[in-house]
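Asker: what shape does this take:
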Amino acid sequence: MTRSSLQHGTGALIIVPTYNERENIPLIVSAITAAVPEAHLLIVDDASPDGTGALADELATLDSRVHVLHRTAKSGLGDAYLAAFEWALQRDYGVIVEMDADGSHPADALPALIAAVGAPQSPFGLAIGSRWVRGGSVVNWPRHREILSRGGNVYARLMLGLTVNDATAGFRAFRADVLRSIHLENVESHGYCFQIDMTRRVRDAGFQETEIPIVFRERVHGESKMTGSIVLEAMTKVSVWGLKRLFRRG
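Answerer: Numbers count the residues shown, from 1 in each chain. As a prediction, the model looks like this:
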């Protein structure tokens, strides 16, 4: 079920997946619409039991730039984004952005991300809001989370031959033609390894990436969705992809 009232063109769409983010969703909608008033926003709710989806519908009735995609179950971040990508591509958006609902991604970086891939003659197909480049940082993160993130990114770079420093970042902008070219129907990553998977697919399809430094802030409201099983899935997938890559090169 979707809620939409505008004619769509080649503008930007900001995708925000939600699960039990009722406290955060009004804040992130306000921040996004203030930072990029010409963009549209798609909230993708996975049947949140806390009423996030119903609140999102209320916000959509108040602002024609806000749309809602309701899914029937919580089946992973990757599945939510794939459904949203399909929704966006059917409506011919030119730039498609991923952004968390919890306020950890700075909305004021949206214009730079969108411009990096959407500007005329831009060579980039993917722009990543990066914590781990010069000028980027994290705030209020426990030390073990920082070690896990930095270590995971180093491992992904070594195993997959990536050149970006923050392949696990969930704040990123794609050109629509990039998403159309990388066979989204073959993506099977469900958790946070989805971000690594998309990064390597963009690279393998021959598109360039760029990283824009951001300050990542730990959420104030709600609980992190990161679990041990998500980390294990990511490590396993990266290892399998890396071994396949080495065999192909051999």
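
Asker: and the strands in this structure?
Answerer: Applying DSSP state E to the chain gives strands spanning 2-3, 12-18, 40-45, 66-70, 95-98, 124-130, 137-139, 172-175, 208-213, 215-217.

Asker: let me have those in CSV, extended by distance to Leu160.
Answerer: Every C-beta, even on glycine, is put in place using the N, C-alpha and C of the backbone. Formatted as CSV, the strands of the chain follow (distance: least, Cβ to Cβ, whole Å):
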stretch, distance to Leu160
strand 2-3, 35
strand 12-18, 24
strand 40-45, 27
strand 66-70, 30
strand 95-98, 19
strand 124-130, 15
strand 137-139, 23
strand 172-175, 16
strand 208-213, 13
strand 215-217, 22
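
Asker: worst mean pLDDT among those strands?
Answerer: Between the strands of the chain, the lowest average pLDDT goes to strand 2-3, which shows a mean of 40.

Asker: run through the residues that contact the residue sitting nearest the centre point of the chain.
Answerer: Taking Cα atoms, centre = their mean, the centroid of the chain lies closest to Glu98, which sits 2.9 Å from it. Applying Cβ atoms under 8 Å, 6 or more residues apart in numbering to Glu98 gives the contacts 15, 81, 170-174, 195.

Asker: make it 6 Å
Answerer: Residues near Glu98 by Cβ atoms under 6 Å, 6 or more residues apart in numbering: 15, 170, 172.

Asker: most neighbours among these, which one?
Answerer: Using other Cβ atoms under 10 Å as the neighbour criterion, Arg172 leads the contacts of Glu98 with 28 neighbours.

Asker: which parts of the chain are helices?
Answerer: 25-35, 52-62, 77-90, 110-118, 143-160, 176-181, 193-204, 228-249 (DSSP state H).

Asker: okay if I get these as a markdown table plus mean pLDDT?
Answerer: As requested, these are exported to a markdown table (pLDDT from 0 to 100):
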| stretch | mean pLDDT |
| --- | --- |
| helix 25-35 | 98 |
| helix 52-62 | 98 |
| helix 77-90 | 96 |
| helix 110-118 | 97 |
| helix 143-160 | 93 |
| helix 176-181 | 96 |
| helix 193-204 | 95 |
| helix 228-249 | 84 |
